[in-house]
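*Asks:* Have a look at this prediction, sequence included:
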Amino acid sequence: MSTSPFPKILLTATLVYFSLLTATAAPVAEGPEFFAKQLLPILETAQCRQCHNANGIASRTRLQFPDAEAGAGRIEAFALSLRALIEPSRPDQSLLLRKPTQRIEHTGGQRIVPGGPEEQILLAWINYLARQSPDEAAPSRNDAARPQGKVRRLTHSQYNNTVHDLLADQTLPAGQFPQEDVIHGYRNQIEGQGIPPLLAEAYNRAAERLARNAFRGGDQQSLIPCRPASANDAECRNAFIASFGRNAFRRPLTPEEIDTYGKLFTLGAAEQGEFIEGARIVVETMLQSPSFLFYAEPSPPAALRPYQTASLLSYFLWDTLPDEPLLEAAAAGRLDSGADIEKQIRRMLKDPRARQALNQFLAQWLRFDRVETAVRDRRLYPEFSAELVDSMIEETRLLFNAIVWDGRDFTEFFSAGYGFLDTALARLYDLPPPSAEFQKVVFPADSGRAGILGQATFLTVTSKPADTSPTERGLFVRQHFLCQTVPPPPPGVDTTLPALSDDKPMTVRGRLAVHLSNPACAGCHRLVDGIGFGFERYDAVGRFRNEEIVKIFPTQDELRRKVKTEPSEYKLPIDPSASVYGLPNSDFSSPSELGRYLAQDEGCQRCIVKQLFRYAVGRLENDSDQPSIDAAFKRFRDSRFQLQELIIAVATSESFLGKSKL
């Protein structure tokens, strides 16, 4: 045997050569698991999902990612569906490759570096798809998860309304509760409806106070349905527990529950020697029960399902507990079909409480809370006041209600050439005062105002204390009226605008140009600023202006040195040209022009459906909700966009009712 080291060296070199060859060889995709293990993580890192989803900027493209919680079957179906975006005969010319590498214009910019290892993995998947027949690349999606119900808690508004209807209490106790989180634009979203310790303590204090007030001076509210013969009259006690419990829990109590509350009642009555004291203890305890604080669960027992349906309907349509006819319908089995439920909904929509409840939706959708807490630089906007804010909100509410309850086409909410003005708003809009407060006023054709986009409410909520904000205005349109989620700015990006100076006074549009010239900022700012520029003829409180007046106030140092003691003022021309980037033929230069565009845009029309759906079900929609949303949109469109018909469609959908049988 040779002892020369040469064969070992040759063998080592050969192994190294082949290992390098293997390491640099192009990857080969041999099945769908390749996508899940190798390509999907790359696409997630590139943040493709943030735009390519049902609510993303790219929601109207053919590329739609499944939910983040999707199972393996759904991910495989998505992976194979990408065949629609490739060129089988020329894989390297596929849209799926050229878009994310920015070889052709891509709204999201370059997400995958050409020639890099990520591109090689993407190309491997494209080559795999090119080898598949169309039938092989189009599996069914029947593995999508069905809608999953969640426990739903009373919102603060619902709590106040419920104790008012239950106890005739008018103290609005939820005003003392910890502030609710706004999630997905609303305060009733399930993921924010836990009971942290501070809220539990608040519930405890409120229950004590409510129960005490309920029996102050005797049974003033007639909560006890009988006349007790003694402090511990068992028959009257049980009648009270069953009666009050049915109203508080929105369902009949079980015999075990009646027995449990009966024992509490007996202890309280015995301690004070009074029937009312036992009743007070029961009320206080029931008001802290999960059966009072929560009104829906994922899988209620079959016998209680109609009562849960009653509660879902009543808290959506009335923002309070079910009335007696609704509970009676649940007890009689008249909430078991879609026709039965629709009959109840139509009855409920005629009740004044429906208007109040829908105003809750409106207030949260349009973020009235941000208008109510807005501040303005008094030196620039001396007329801005709480009273003016009230007028702004009332104008929006009146337009909304006139359209909804008069059965008008809801797209008028964006295109209506009229408003409801009082004297203060007429003055702000530079119009003659109306003959009566909040009278319907037709806007002059050259005013540029129409619908919600021309109202001071929208123009104020999307501005800053001293300036307008094209960024905020464009973002609001994207999020609230197109249901598109704009990706957040990259970490560490400097968002500071150039400071104003007498050497170079600039409009807001001019100062924002720095974002559009910075590649790290341009991608997102092009999406929102390009919309917001179309509102620049309206200042931070919604007043029309032909020029942007830029005031530069002296700094403390300039005042101290007496270099500058008075503000300097510059009148600069305004460029209101704008467009909704990514949407065809969407150029506009006024709120009325954009309003007319949105009124005719299917994406905006579908967004109205989604916004009401999110409010009704208390969560974002997912893949399994698509049939419910599609059916609701069809009914909305076929009714010529009457919102009451949309309400009925949502409230009778499987997603809203969960497992209730229709």
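*Replies:* Yep, it's here.
*Asks:* and the closest residue to Asp92 other than its chain neighbours, what element?
*Replies:* Leaving aside its chain neighbours, Asp92 sits nearest to Leu123 (7.1 Å; criterion: Cβ to Cβ, 6 or more residues apart in numbering). The C-beta positions use only the backbone N, C-alpha and C, and glycine is treated the same way. Here Leu123 sits within helix 117-130, counting by DSSP states H and E.
*Asks:* And that helix, what does it pack against?
*Replies:* Helix 117-130 is packed against helix 32-34, helix 40-45, helix 95-98, with contacts defined by 3 or more Cβ pairs under 8 Å, 6 or more residues apart in numbering; DSSP states H and E.
*Asks:* and the second one, how far from the chain's centre?
*Replies:* Translated: helix 40-45. Relative to its chain's centre, helix 40-45 lies at 26 Å (Cα atoms, centre = their mean, to the nearest Å).
*Asks:* Show me what it is in contact with.
*Replies:* The contact list for helix 40-45 (Cβ atoms under 8 Å, 6 or more residues apart in numbering) reads Arg49, Phe65, Ile75, Ala79, Ile112, Glu118, Ile121, Leu122.
*Asks:* And those, which of them are buried?
*Replies:* Neighbour-count burial (16 or more other Cβ atoms under 10 Å) applied to the contacts of helix 40-45 gives Arg49, Phe65, Ile75, Ala79, Ile112, Glu118, Ile121, Leu122.
*Asks:* for the helix or strand hosting the first one, the distance to its chain's centre please.
*Replies:* It stands for Arg49. Under the criterion of DSSP H and E, Arg49 resides in helix 48-51. Here helix 48-51 is found 18 Å from its chain centre; the criterion is Cα atoms, centre = their mean.
*Asks:* got the CA positions of it in CSV?
*Replies:* Taking C-alpha atoms only, helix 48-51 is exported to CSV below (Å, rounded to 0.1, in the frame of the first residue of the first chain):
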residue,chain,number,x,y,z
CYS,A,48,-44.8,41.0,0.8
ARG,A,49,-47.8,40.0,2.9
GLN,A,50,-48.2,43.5,4.3
CYS,A,51,-49.4,44.8,0.9
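*Asks:* Now do that helix: everything it contacts.
*Replies:* With contact meaning Cβ under 8 Å, 6+ apart, helix 48-51 is reached by 43, 56-58, 63, 65, 68, 100, 107-108, 111, 485, 487.
*Asks:* Kindly report the same for stretch 640-647.
*Replies:* 317, 345, 349, 358, 403-405, 407-411, 605, 608-609, 612, 632, 635-636, 639.
*Asks:* By mean pLDDT, flag the weakest helix or strand of the chain.
*Replies:* Taking mean pLDDT, DSSP states H and E as the measure, the chain has helix 6-24 as its least confident helix or strand, at a mean of 45.
*Asks:* Among the contacts of helix 40-45, which one sits closest to Tyr429?
*Replies:* Relative to Tyr429, the closest of these is Arg49; by Cβ to Cβ it sits at 42.7 Å.
*Asks:* just checking, Pro173 touches Asn161?
*Replies:* No: judged on Cβ atoms under 8 Å, Pro173 makes no contact with Asn161 at a distance of 11.4 Å.
*Asks:* what about these two, which has more around it?
*Replies:* Taking neighbours as other Cβ atoms under 10 Å, Pro173 and Asn161 compare with Asn161 leading, 24 against 21.
*Asks:* In which helix or strand does the more buried one reside?
*Replies:* Counting by DSSP H and E, the element that carries Asn161 is helix 156-167.
*Asks:* Counting by contacts, list what that helix packs against.
*Replies:* Judged by 3+ Cβ pairs under 8 Å, 6+ apart, the packing partners of helix 156-167 are helix 197-214.
*Asks:* Toward the C-terminus, what is the element adjacent to the helix it packs on?
*Replies:* Counting by DSSP H and E, what follows helix 197-214 is helix 234-249.
*Asks:* And that following helix, what's buried?
*Replies:* By neighbour count on 16+ other Cβ under 10 Å, the buried set for helix 234-249 is Cys236, Arg237, Asn238, Ala239, Phe240, Ile241, Ala242, Phe244, Gly245, Asn247, Ala248, Phe249.
*Asks:* Output that helix as CSV, nothing but the C-alphas.
*Replies:* Coordinates of each C-alpha in helix 234-249 appear next as CSV, following Å, rounded to 0.1, in the frame of the first residue of the first chain:
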residue,chain,number,x,y,z
ALA,A,234,-88.8,31.6,49.2
GLU,A,235,-91.4,31.8,46.5
CYS,A,236,-91.1,35.5,45.9
ARG,A,237,-87.3,35.3,46.3
ASN,A,238,-87.0,32.7,43.5
ALA,A,239,-89.4,34.7,41.3
PHE,A,240,-87.2,37.7,41.7
ILE,A,241,-84.0,35.8,41.0
ALA,A,242,-85.5,34.2,37.9
SER,A,243,-87.0,37.5,36.6
PHE,A,244,-84.1,39.7,37.2
GLY,A,245,-81.6,37.1,36.2
ARG,A,246,-83.3,36.5,32.8
ASN,A,247,-83.0,40.2,32.0
ALA,A,248,-79.5,40.6,33.3
PHE,A,249,-78.1,37.4,31.7
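*Asks:* tell me the mean pLDDT for stretch 642-655?
*Replies:* For stretch 642-655, mean pLDDT is 97.
*Asks:* repeat for stretch 230-238
*Replies:* Mean predicted confidence for stretch 230-238 is 95.
*Asks:* Give me the distance between it and the centre of its chain.
*Replies:* Using Cα atoms, centre = their mean, the offset of stretch 230-238 from its chain centre is 49 Å.
*Asks:* cool, stretch 305-322 as well?
*Replies:* Distance, stretch centre to chain centre, for stretch 305-322: 21 Å (Cα atoms, centre = their mean).
*Asks:* before we move on, the earlier item: buried ones among the contacts of stretch 640-647?
*Replies:* Buried among the contacts of stretch 640-647 by 16+ other Cβ under 10 Å: 317, 345, 349, 358, 403-404, 408, 410-411, 605, 608-609, 612, 632, 635-636, 639.
*Asks:* Against Gln484, how distant is Gln102?
*Replies:* As judged by Cβ to Cβ, to the nearest Å, Gln102 and Gln484 stand 21 Å apart.
*Asks:* what about those two, which has more around it?
*Replies:* More crowded of Gln102 and Gln484, by other Cβ under 10 Å: Gln484, with 25 against 15.
*Asks:* For the nearest residue to that one once chain neighbours are set aside, give me its contacts.
*Replies:* Nearest residue to Gln484 in three dimensions, chain neighbours excluded: Arg478, at 4.5 Å (Cβ to Cβ, 6+ apart). By Cβ under 8 Å, 6+ apart, the contact list for Arg478 reads Ile57, Gln484, Val486, Leu527, Val528, Ile531.
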